[in-house]
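Visitor: The sequence isn't on hand, but the structure is:
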């Protein structure tokens, strides 16, 4: 029940009826929080970073006017006078944001952007929820360990166990954030800024995601993992590719370069996987359906097509061949189309047993047997190819059995008489 209440709090806090006061950009150390915030303000004039105060020395990568540098005595006076909206200690240095700094941005009719550590964000959430006034739109930035380590080394920081431990703690917090964006070296900073702008613009709206937003989210490792966007995104959908795992004739099988085809016999079925895996925020659901090309060949998709909000894991579906011909499915081909629907407000995420599962075996409650229709067809084909007496023998035996049953019935009838 404790977990449910926590999720319910998030649900209420991020509801459509809430007017967000601003954006919090948080994330792991080295994820580029300040850089992204600065570029967002340069690109879109409606945003403004709320200046923070810190006791650390300035760095070359600090954005202009991002920090006000001061002594620990000056910081302590701000804290004593209750002028700090939020405060934190990181590696022996003090960080904070004053109430006055936030007021300045609001008075300028700009959208405030607060750049905070996950610990500070969590503290601000907890303090504000007690007063029922937490109204910030949270974006969590992350990157691979290699990218993060490289960035930290470039700015003269050491990678040790404390850094790795803090990173794990930060990511645990990030799992509860509505949007987690991967800010790796292969993602253009312009795309990341444009995505945050789009997410902010759609914060209180629902409907199908358009092409531009789908492309931006996939580029930043949202919605789908292991996905390419070139020639995959149309006006409002994504073309899924046939993955390597599939289940046929009661066995798990794997496609590779030497065996790239699935041959689907008439009346047979196969459970196939997508190359892409789902990583849905809890305010986005998905619906997928079969490609028109396969449908016109006589293939139908048999299982339910919805992907629940917050689901993370493999995408599988059952295909059934209703035609009279063998149909071949090629590894990597477009076989289904996925649509994304943004909810009017975030909901409790998918919490079922398949969360995080990517192996097809995990989705099968018991061994799936070959199609009964295929078995019947094979028996009929065998009967067609048999000799005349082999074909007639089952019929003869059936007739004899019927005659015998009739004779016995007549005998019993006269005995009773």
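Guide: Done, it's in. Because the structure is predicted, anything quoted here is derived from the model rather than measured. Numbers count the residues shown, from 1 in each chain.

Visitor: where does the stretch 151-300 of the chain have low pLDDT?
Guide: Of all residues in the stretch 151-300 of the chain, none has pLDDT under 70.

Visitor: Mind jotting down where the strands sit in it?
Guide: Here the stretch 151-300 of the chain has its strands, by DSSP state E, counting those that start in this stretch, at 179-182, 207-208, 223-225, 238-248, 251-254, 261-264, 269-279, 284-290, 299-301.

Visitor: Just list whatever residues bridge to residue 242.
Guide: residue 274 (DSSP bridges).

Visitor: typo on my end, residue 54
Guide: Going by DSSP bridges, residue 54 forms beta bridges with residue 69, residue 95.

Visitor: Was I right to think it contacts residue 71?
Guide: No. With contact defined as Cβ atoms under 8 Å, residue 54 does not count as touching residue 71 (10.7 Å). For glycine as for every other residue, the C-beta is placed from the backbone atoms N, C-alpha and C.

Visitor: Next, show the common contact partners of these two.
Guide: Listed contacts common to residue 54 and residue 71 are nil; contacts here mean Cβ atoms under 8 Å, 6 or more residues apart in numbering.

Visitor: out of those two, which sits in the busier spot?
Guide: Shown here are residue 54 and residue 71; by other Cβ atoms under 10 Å, residue 54 has more neighbours (19 against 10).

Visitor: In contact with the more buried one: list those residues for me.
Guide: 67-70, 75, 93-96.

Visitor: what two of those residues are the furthest from one another?
Guide: Largest separation among the contacts of residue 54 by Cβ to Cβ: 68 and 93, giving 13.5 Å.

Visitor: Just the buried ones among the contacts of residue 54, please.
Guide: Neighbour-count burial (16 or more other Cβ atoms under 10 Å) is assigned, among the contacts of residue 54, to 67, 70, 75, 94-96.

Visitor: With distance to residue 312 added, can I get those residues in TSV?
Guide: Shown next, in TSV, are these (distance: Cβ to Cβ, whole Å):
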residue	distance to residue 312
67	36
70	43
75	40
94	37
95	32
96	35
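
Visitor: ok so, going back, and the contacts of residue 54 as a markdown table, adding pLDDT and distance to residue 113?
Guide: Formatted as a markdown table, these follow (pLDDT from 0 to 100; distance: Cβ to Cβ, whole Å):
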| residue | pLDDT | distance to residue 113 |
| --- | --- | --- |
| 67 | 88 | 14 |
| 68 | 89 | 16 |
| 69 | 92 | 19 |
| 70 | 90 | 21 |
| 75 | 91 | 22 |
| 93 | 86 | 21 |
| 94 | 89 | 21 |
| 95 | 90 | 15 |
| 96 | 91 | 16 |
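
Visitor: Can you pull out the low-pLDDT segments for the stretch 301-417 of the chain?
Guide: Ranges of the stretch 301-417 of the chain meeting pLDDT under 70: 304, 365-417.

Visitor: was I right about residue 29 contacting residue 164?
Guide: No. Judged on Cβ under 8 Å, residue 29 makes no contact with residue 164 at a distance of 10.6 Å.

Visitor: For those two, indicate the residue with more neighbours.
Guide: Legend: neighbour count by other Cβ under 10 Å for residue 29 and residue 164, higher for residue 29 (18 against 13).

Visitor: Now do the helices in the chain.
Guide: Using DSSP state H, the helices of the chain run over 2-13, 33-43, 72-80, 99-107, 118-131, 145-154, 161-174, 189-201, 211-219, 292-297, 372-385, 388-416.

Visitor: Give me the distance from the fifth one to the chain's centre.
Guide: Taking Cα atoms, centre = their mean, to the nearest Å, the mean C-alpha location of helix 118-131 is offset from the chain mean by 26 Å.

Visitor: All further residue positions should be reported with the first residue as 5.
Guide: I'll keep to 5 as the first residue from here, and by that count the last item is helix 122-135.

Visitor: For it, name the packing helices and strands.
Guide: Here helix 122-135 touches strand 26-31, strand 88-94, strand 140-146, helix 165-178, going by 3 or more Cβ pairs under 8 Å, 6 or more residues apart in numbering; DSSP states H and E.

Visitor: now the last one against strand 140-146, angle please.
Guide: Angle, helix 165-178 to strand 140-146, by axes from the mean of the first three to the mean of the last three Cα atoms, to 10 degrees: 140 degrees.

Visitor: Distance from helix 165-178 to the middle of the chain?
Guide: 21 Å.

Visitor: Kindly report the same for the first one.
Guide: On the basis of Cα atoms, centre = their mean, strand 26-31 sits 20 Å off its chain's mean C-alpha point.

Visitor: Buried residues, it. List them.
Guide: 26-31.

Visitor: Bridge partners for the spatially most central residue of the chain, pull those for me.
Guide: By Cα atoms, centre = their mean, the chain has its centre lying nearest to residue 283, at 1.1 Å. Using DSSP bridges, the beta-bridge partners of residue 283 come out as residue 227, residue 316.

Visitor: so how far is residue 270 from it?
Guide: 37 Å (Cβ to Cβ, to the nearest Å).

Visitor: ok now do residue 244, which residues does it touch?
Guide: Counting by Cβ under 8 Å, 6+ apart, residue 244 makes contact with 278-280, 292, 319, 338-342.

Visitor: can you pick the most crowded of those?
Guide: residue 339 (25 neighbours).

Visitor: Please name the residues that touch that residue.
Guide: By Cβ under 8 Å, 6+ apart, the residues touching residue 339 are 244-246, 276, 294-295, 298, 323, 333.

Visitor: Just the buried residues of the residues you listed.
Guide: 244-246, 276, 294-295, 298, 323, 333.

Visitor: closest to residue 209 among these?
Guide: The closest of the buried ones among the contacts of residue 339, once distances to residue 209 are taken by Cβ to Cβ, is residue 244, at 25.6 Å.

Visitor: hang on, isn't residue 119 packed against residue 42?
Guide: No. Contact status for residue 119 versus residue 42: not in contact, 9.0 Å apart, counting by Cβ under 8 Å.

Visitor: Now do the shared contacts for these two.
Guide: 53, 70.

Visitor: more crowded one of those two?
Guide: Neighbour totals were compared for residue 119 and residue 42, and residue 119 leads with 27 against 22 (other Cβ under 10 Å).

Visitor: got a list of contacts for stretch 34-53?
Guide: In contact with stretch 34-53 (Cβ under 8 Å, 6+ apart) are residues 27, 29-31, 65-70, 109, 112, 114-119, 145-147, 151-153, 155-156, 187, 193-194, 196-198, 200-201.
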